[in-house]
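Trainee: Here is a sequence with its predicted model. Questions after.
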Amino acid sequence: MRPFAPTSFWNTPIPDHPEIDVRNAEFVRHLMATVSDKRAVYVNATEWTIPVYRVRSSQVPMVQIFPMRIRGEHCGFAPNFDGWAPIPPEARPDPMQDSHMCIIDEDRDLVYDFFAIHHRDGQYVTRSAVTYPLHGSGVLDEIPFRFEPGTSVHDYGPCRAAGTALLGGLVFHEEIARGAIEHKLALATDVNEHQKYVWPAIWTDGFTPGGIPEGAVLQLDPALDLARFGLCPAARTLAVALQKYGMVNVDVARGVCIYLENLNYASGRSWNGLVDSGWLLETLGFEHFRVLKLENVRDGGLFRDKKPWGLP
């Protein structure tokens, strides 16, 4: 499965000889200073990532979704979300704090993203919800959001901190199994720039002055000989995609990571035997990555007066 149109930003390879950002060396130094002692990209496959359920609304009843909290006039629903979604009985969000979940309605070619969704007292409540076409652009900038300065994107509907779609950059089991990923990957870091972002991001929750803006594209050096690194088949599949398509900075994490679909509650599918360690890319150090030229850096995003997690 590859979401979005063939011409989507997410599905477009990086051209040969792309222009590298003038601050690339500074950005790489930020990556090298990450809180993780591995100094490499971690692969989220079982925690802090996205369970995806594919349904047909003609066969699954629509369920009413209630806002978790209301802040002023904002209830966490995007302008295009009417409060109903086809959620199957077996659906479960990621068990971690963000509680992400994604529903694909194959009858309507529509995707439902949720952030902090829970089933409580017989009803679903969520912090954020947004919908978008499965075979559309994969970018949410056409939705008429009206972000107030300093606020969280989750007050308005998007479920990634950068305001990107949950399916944008998510790696599926079938892609690793067949050994080919034909799209960009989603990235999160602990060095995202405070209140600056670039398209396809439409907002940010970064907290690092001078850090890497959300929306930035990072590429593994395509000239790198992967045979040098003793990569397992899954790691090589990911590395080839990182050379050809790159990864997009979409969120903050405690470390630097990419996302595989969460199969904790999937029937008949598991990462066991395919991805047995989150550190399968450990030999590919950050010195082999570069940040492509940033275009039209914009101001805005969540205001943070201190870093999360007690970081210095």
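Mentor: Here it is on my side, so go on.

Trainee: When you work out contacts or count neighbours from here on, use the C-alpha atoms and nothing else.
Mentor: Fine.

Trainee: and the one residue sitting closest to the centre of the chain, what is it in contact with?
Mentor: By CA atoms, centre = their mean, the chain has its centre lying nearest to Ala186, at 4.3 Å. Contacts here follow CA atoms under 8 Å, 6 or more residues apart in numbering; on that basis Ala186 touches 168-170, 247-250, 258-259.

Trainee: Could you rerun that using 10 Å?
Mentor: Going by CA atoms under 10 Å, 6 or more residues apart in numbering, Ala186 touches 10, 164-171, 215, 217, 246-251, 257-260.

Trainee: what pairs with it across the strands?
Mentor: Per DSSP bridges, the residues bridged to Ala186 are Val248.

Trainee: And Thr208, by the same measure?
Mentor: Where Thr208 sits in a bridge, its partners, by DSSP bridges, are Glu193.

Trainee: now the stretch 201-312 of the chain, which segments are flagged as low pLDDT?
Mentor: 306-307, 309-312 (pLDDT under 70).

Trainee: switch to 80 and redo it
Mentor: Where the stretch 201-312 of the chain drops to pLDDT under 80, the residues are 305-312.

Trainee: neighbours of the nearest residue to Asp107 once chain neighbours are set aside, just the number please.
Mentor: Excluding the flanking residues, the one nearest Asp107 by CA to CA, 6 or more residues apart in numbering is Arg56, at 5.1 Å. Neighbour count of Arg56, defined by other CA atoms under 10 Å: 17.

Trainee: correct me, but Arg56 touches Val111?
Mentor: No. If you go by CA atoms under 10 Å, Arg56 and Val111 don't touch, sitting 11.3 Å apart.

Trainee: can you list the domain ranges for this protein.
Mentor: 9-49+167-312, 51-166 (automatic domain parsing).

Trainee: For Arg2, which of the ones you listed is the nearest?
Mentor: When these are compared by CA to CA, domain 9-49+167-312 sits nearest Arg2, at 7.5 Å.

Trainee: And the residue nearest to Asp107, how close does it get to Ile181?
Mentor: Per CA to CA, to the nearest Å, Arg56 is found 25 Å from Ile181.

Trainee: With Gln123 instead?
Mentor: Distance, Gln123 to Ile181, using CA to CA: 37 Å.

Trainee: of the two, who's got more company?
Mentor: Ranked by neighbour count (other CA under 10 Å), Gln123 and Ile181 place Ile181 first, with 25 against 11.

Trainee: you'd agree the more buried one is up against Gln243?
Mentor: No. Using CA under 10 Å, Ile181 is not in contact with Gln243; the gap is 11.0 Å.

Trainee: Quick check: closest non-adjacent residue to Pro86.
Mentor: Closest residue to Pro86 apart from its sequence neighbours, by CA to CA, 6+ apart: Met62 at 4.3 Å.

Trainee: pLDDT score assigned to that neighbour?
Mentor: Per-residue confidence at Met62 stands at 95 (pLDDT).

Trainee: mind listing the helices for the stretch 151-300 of the chain?
Mentor: 173-178, 233-244 (DSSP state H, counting those that start in this stretch).

Trainee: Burial-wise, tell me which of these comes out on top.
Mentor: For these, the largest average neighbour count (mean count of other CA atoms under 10 Å) is found in helix 233-244, namely a mean of 21.

Trainee: quick one on the thing from earlier: could you take the domains of the chain and lay them out as a markdown table, with extra columns for distance to Pro3?
Mentor: Below are the domains of the chain laid out as a markdown table (distance: least, CA to CA, whole Å):
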| stretch | distance to Pro3 |
| --- | --- |
| domain 9-49+167-312 | 7 |
| domain 51-166 | 6 |
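
Trainee: Among the ones you listed, which comes closest to Met1?
Mentor: Nearest of the domains of the chain to Met1, taken as CA to CA: domain 9-49+167-312 at 7.4 Å.

Trainee: distance between the closest one and the chain's centre?
Mentor: 9 Å (CA atoms, centre = their mean, to the nearest Å).

Trainee: The stretch 1-150 of the chain: helices as residue ranges?
Mentor: Taking DSSP H, counting those that start in this stretch, the helices of the stretch 1-150 of the chain run over residues 24-32.

Trainee: what residue ranges in it are flagged as low confidence?
Mentor: Ranges of the stretch 1-150 of the chain meeting pLDDT under 80: 1, 35-36, 69-74.

Trainee: hmm, try it at 70
Mentor: Applying pLDDT under 70 to the stretch 1-150 of the chain flags the ranges 69-73.

Trainee: Do a quick rundown of the strands in it.
Mentor: For the stretch 1-150 of the chain, strands defined by DSSP state E, counting those that start in this stretch occupy the ranges 42-44, 52-55, 63-67, 84-85, 101-105, 110-120, 123-133.

Trainee: ok, residues contacting the shortest one?
Mentor: Read that as strand 84-85. Taking CA under 10 Å, 6+ apart as the rule, strand 84-85 contacts 57, 60-66, 103-105, 111-113, 129, 131.
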